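Undergrad: kindly return the folded structure for what I paste below:
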Amino acid sequence: MTTHPKSKICFVKIFILLLVLPLLEVSRRKTREGYMRTSEAVRGSGLYASECCGEELVFYKHDTFWRCPRCHSLCEWELTEGALLPDELESLKVAEPVLASEW
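TA: Alright, predicted model coming up:
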């Protein structure tokens, strides 16, 4: 029993497509790297804006992103302004102020 050449070509196209689709998804995620999705853990404290409605909320590190408070849909959140928690501030070494006359 022999197979038709067109069926082999079709099989190869499907096989290549199945290999390429996951790579496209990874590249799409990388282009939207600054965005976090609903139900993901917050990586850094700050002011976030929902992509769907532009609604802004403050989320703290290790919180979970909510649904959009305006339209209640699953959404992506973009960090618009970073912030530090008080315990994160304590861990930073603060530089001593230097007067211009001391230079």
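Undergrad: elements contacting the longest strand seen in the chain?
TA: Longest strand in the chain, counting residues (DSSP state E): strand 76-82. Counting contacts by 3 or more CB pairs under 8 Å, 6 or more residues apart in numbering; DSSP states H and E, strand 76-82 packs against strand 35-37, strand 46-50, strand 56-59. The way it works is simple: take the backbone N, C-alpha and C, and place the C-beta from them, glycine included.
Undergrad: and those strands as JSON lines, adding mean pLDDT?
TA: Putting the helices and strands packed on strand 76-82 into JSON lines (pLDDT from 0 to 100) gives the following:
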{"stretch": "strand 35-37", "mean pLDDT": "88"}
{"stretch": "strand 46-50", "mean pLDDT": "92"}
{"stretch": "strand 56-59", "mean pLDDT": "92"}
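Undergrad: of those strands, which is nearest Trp66?
TA: strand 56-59 (7.2 Å; CB to CB).
Undergrad: how about low-confidence regions in the protein?
TA: Residues of the chain that meet the criterion pLDDT under 70 lie in 1-34, 84-103.
Undergrad: name the nearest residue to Tyr35, ignoring sequence neighbours.
TA: Glu76 (4.2 Å; CB to CB, 6 or more residues apart in numbering).
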